[in-house]
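> With the sequence up front, the predicted model follows.
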Amino acid sequence: MNKLFSLKGKVIVVTGAAGLLGRQHVKAIAMAGGIPILLDINSFSLESIVNKINLDYKIESNGYKVDITNEKEVKKNCKVILKKYRKIDGLINNAANNPKMEISNNKNFSRLENFSTSSWENDISVGLKGAFLCSKHYGKAISNQGGSIINVSSDLGVIAPDQRLYRKNGLKDDLQPVKPVTYSVIKSGLIGLTKYLSTYWLKENVRCNAICPGGIETEQDPSFIQELCKRIPMGRMAKKSEYQGVILFLLSEASSYMTGSIINIDGGRTSW
Ligand SMILES: NC(=O)c1ccc[n+]([C@@H]2O[C@H](COP(=O)([O-])OP(=O)(O)OC[C@H]3O[C@@H](n4cnc5c(N)ncnc54)[C@H](O)[C@@H]3O)[C@@H](O)[C@H]2O)c1
């Protein structure tokens, strides 16, 4: 059983590794004996995460400040990793833009009518261009000996956001916040990228699958949590560690016959 799920000696690149879920992926890889390579544009937290993980699991992981929207940086970093570790066995396309959508000048900028082309470009750049560039460079390196790519989509990659969840009392309809259009476009785009990559390097033994996680409970408004939970058959949001199992499964030999799968892990939300 241990062998089936083992990542012993596997070098796995994780984008957005300093974020909420990224840290969980990194921990899961280290727990299974793998060597996570942490990439993030936010170098502030990277060092402390890497130090802790190396100490806790007695491994030699590394963190790099990389803007995944910049091809030169991605290409250079890929060379650095290959020089140090000689190979790359896996990639988790996890990074995402998390912009604040403020109301100003009596406009809510999350709404489609007010959504700016610069927000569109920034979001798509991280979520889709970034995933494409990482797949192009780290994916090519993975194809030297085979391995696994995971794209982090969302339950909102397969269903529409229920905009009633984001409503705030006392605001007129045209000022109500919404889940931005880019979220749906990116998350369903990642499913397209998954299908494409799932067969692209098959001869080279590279598999690619997507996960579609539901929301993680953090410090959201209690009324938001309550409303969301009514739409989830299991009646609760996810704990941040609840995606580690599927990450291990998809990176390891346990999923050796899987490619192109889109896995919902959402307490049943997309079943209703
Ligand atoms: N948190 C949830 O409830 C949830 C639910 C479903 C799906 N997801 C998806 O999971 C993934 C991780 O979510 P999270 O909650 O950890 O988000 P997060 O905002 O905590 O982390 C995202 C990380 O990406 C990094 N990043 C942003 N732009 C970058 C760039 N250009 N180059 C490199 N790194 C960059 C950020 O610095 C941040 O550390 C995202 O794709 C998100 O859409 C999250």
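That came through fine.
> List phi and psi for Asn122.
Per-residue torsions, Asn122: phi -60, psi -50 (degrees, to the nearest 10).
> burial count for it?
Using other C-beta atoms under 10 Å, the number of residues around Asn122 comes to 15. Backbone N, C-alpha and C define where each C-beta goes, glycine included.
> where does Gly185 land in three-state SS?
Not quite, residue 185 is Val, not Gly. Under the three-state scheme (DSSP: H, G, I helix; E, B strand; the rest coil), Val185 adopts helix.
> how near is Ile53 to the ligand?
15 Å (C-beta to the nearest ligand atom, to the nearest Å).
> and if you look at Ala17?
Taking C-beta to the nearest ligand atom, one finds Ala17 at 7 Å from the ligand.
> Isn't that residue up against Ser61?
No. The pair Ala17 / Ser61 is not scored as a contact, 9.6 Å apart, by C-beta atoms under 8 Å.
> Looking at the two, which has the bigger crowd around it?
Counted by other C-beta under 10 Å, Ala17 and Ser61 do not tie: Ala17 has more neighbours, with 31 against 23.
> ok, the more buried one - contacts?
23, 25-26, 36, 38-40, 46, 49, 63, 94 (C-beta atoms under 8 Å, 6 or more residues apart in numbering).
> what's the helix or strand for the nearest residue to it once chain neighbours are set aside?
Spatial nearest neighbour of Ala17, chain neighbours left out: Leu38 (3.5 Å); criterion: C-beta to C-beta, 6 or more residues apart in numbering. Using DSSP states H and E, Leu38 sits in strand 35-40.
> Ile211 belongs to a strand?
Yes. According to three-state DSSP, Ile211 belongs to a strand.
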